[in-house]
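Trainee: When you get a sec, could you give me coordinates for this:
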Amino acid sequence: MELEGLRITGKHPWGIVDLDTEEAEYLLSAPAHSFSIDTGNGCSSSINTTIGFESSMSNQSFEPLDGGPLKCLDKKLSSPESISWKAPPLESTKINVDVVVRDDFVMVAVVIRDNKGACLGMSVRKLEAMSPLEGELNALKLGFEEVSNRGIHSFILESDSENAVKAVKNHPKRTEWEFHHTVEEIHAQLRQLHDWEIQHVYHSANPVVHNLARWTASIFSNGSHPIIPEILKI
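Mentor: Presented below is the predicted three-dimensional model:
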């Protein structure tokens with residue numbers, strides 16, 4: 001069975017780290033819990049496990065909060081001009097999206113976090129080769145799909161692609177013809193939603209989802225698939 005999509009949810013969050021060697025490294029001390037894995041083709045699995053994570057991550061850290069769920073904490077970079085991830089307002093959710101482009105495919109990714117920074121879920125999707133901008137638009141599309149599927153009512157969706165955000169905000173007046181269909185699909189999703197905001201952020205405020213897309217793309221590039229034994233490997 002080929003795995004073209006992957007959705008990961010769990011009571012306790014986990015994160016993806018920097019990939020200097022194109023290998024995924026994980027974070028420490030995730031408590032025992034259950035993850036649900038949706039492969040995107042109607043098949044799903046669940047597993048109870050205790051996951052050990054190790055990290056050499058430069059821009060992110062995950063810390064246990066009084067023995068409770070882990071919290072995603074974005075460290076500020078050394079540059080004073082850098083902007084880090086900011087939590088959404090109370091009762092709202094932050095959706096971050098990104099894309100990694102390879103020669104023969106693109107990988108779009110979504111990370112969902114609450115107002116305390118806790119990771120509520122992650123999703124990735126492998127698509128056929130396309131331009132970077134079209135890939136960014138498809139990442140936005142996946143983000144809105146996840147919002148709809150999870151019943152999220154109030155959210156902010158962020159992308160580090162200013163052109164993709166503008167394409168959605170300015171549609172249909174300033175949408176390039178080759179992207180019109182994708183943007184129209186996004187607007188069809190938005191018409192079903194109410195309390196939402198879409199905004200551009202700097203790359204330094206979007207590292208977790210970028211690393212998720214990059215890690216998953218590296219697995220596919222090496223001829224493998226991010227199946228349960230690899231994801232949950234200690």
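Trainee: what secondary structure does the residue nearest to Tyr202 when sequence neighbours are not counted sit in?
Mentor: Leaving aside its chain neighbours, Tyr202 sits nearest to Ile83 (4.8 Å; criterion: CB to CB, 6 or more residues apart in numbering). Placement of C-beta: from N, CA and C, glycine included. With DSSP: H, G, I helix; E, B strand; the rest coil as the basis, Ile83 sits in coil.
Trainee: any idea where the helices of this protein begin and end?
Mentor: 132-150, 162-169, 180-190, 207-221, 228-231 (DSSP state H).
Trainee: Run the angle between the fourth one and helix 132-150 for me.
Mentor: In other words, helix 207-221. Using axes from the mean of the first three to the mean of the last three CA atoms, to 10 degrees, the inter-axis angle of helix 207-221 relative to helix 132-150 is 110 degrees.
Trainee: Compute the first-to-last residue distance for stretch 190-209.
Mentor: This stretch, stretch 190-209, spans 22 Å end to end (CA to CA, to the nearest Å).
Trainee: thinking again about what came up before, looking at the helices of the chain, spot the one closest to Ala109.
Mentor: helix 207-221 (3.7 Å; CB to CB).
Trainee: any idea of the pLDDT on Ser34?
Mentor: For Ser34, the pLDDT comes out at 30.
Trainee: now the helices of the chain in a markdown table, with mean neighbour count, distance to Lys126 and mean pLDDT?
Mentor: A markdown table is the format used below for the helices of the chain (neighbours: other CB atoms under 10 Å; distance: least, CB to CB, whole Å; pLDDT from 0 to 100):
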| stretch | mean neighbour count | distance to Lys126 | mean pLDDT |
| --- | --- | --- | --- |
| helix 132-150 | 21 | 11 | 93 |
| helix 162-169 | 18 | 19 | 91 |
| helix 180-190 | 16 | 16 | 88 |
| helix 207-221 | 23 | 6 | 87 |
| helix 228-231 | 14 | 15 | 36 |
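Trainee: Among those helices, which comes closest to Val124?
Mentor: Once the helices of the chain are compared by CB to CB, helix 207-221 is nearest, at 4.7 Å.
Trainee: Which strands or helices does that closest one pack on?
Mentor: Under the contact criterion of 3 or more CB pairs under 8 Å, 6 or more residues apart in numbering; DSSP states H and E, helix 207-221 touches strand 60-64, strand 70-74, strand 93-101, strand 105-113, strand 119-128.
Trainee: Now do that helix and strand 93-101, the angle between them.
Mentor: Going by the same axes, to 10 degrees, helix 207-221 makes 40 degrees with strand 93-101.
Trainee: returning to that earlier point: of the helices and strands packed on helix 207-221, which approaches Asn206 most closely?
Mentor: strand 93-101 (5.5 Å).
Trainee: Mind listing the strands the closest one pairs with, and their directions?
Mentor: strand 105-113 (antiparallel), strand 154-159 (parallel) (DSSP bridges).
Trainee: ok so, going back, could the helices of the chain be laid out in a markdown table, adding distance to Ile156?
Mentor: Converted to a markdown table, the helices of the chain look like this (distance: least, CB to CB, whole Å):
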| stretch | distance to Ile156 |
| --- | --- |
| helix 132-150 | 11 |
| helix 162-169 | 12 |
| helix 180-190 | 13 |
| helix 207-221 | 14 |
| helix 228-231 | 27 |
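Trainee: That's all I had, so thanks and see you.
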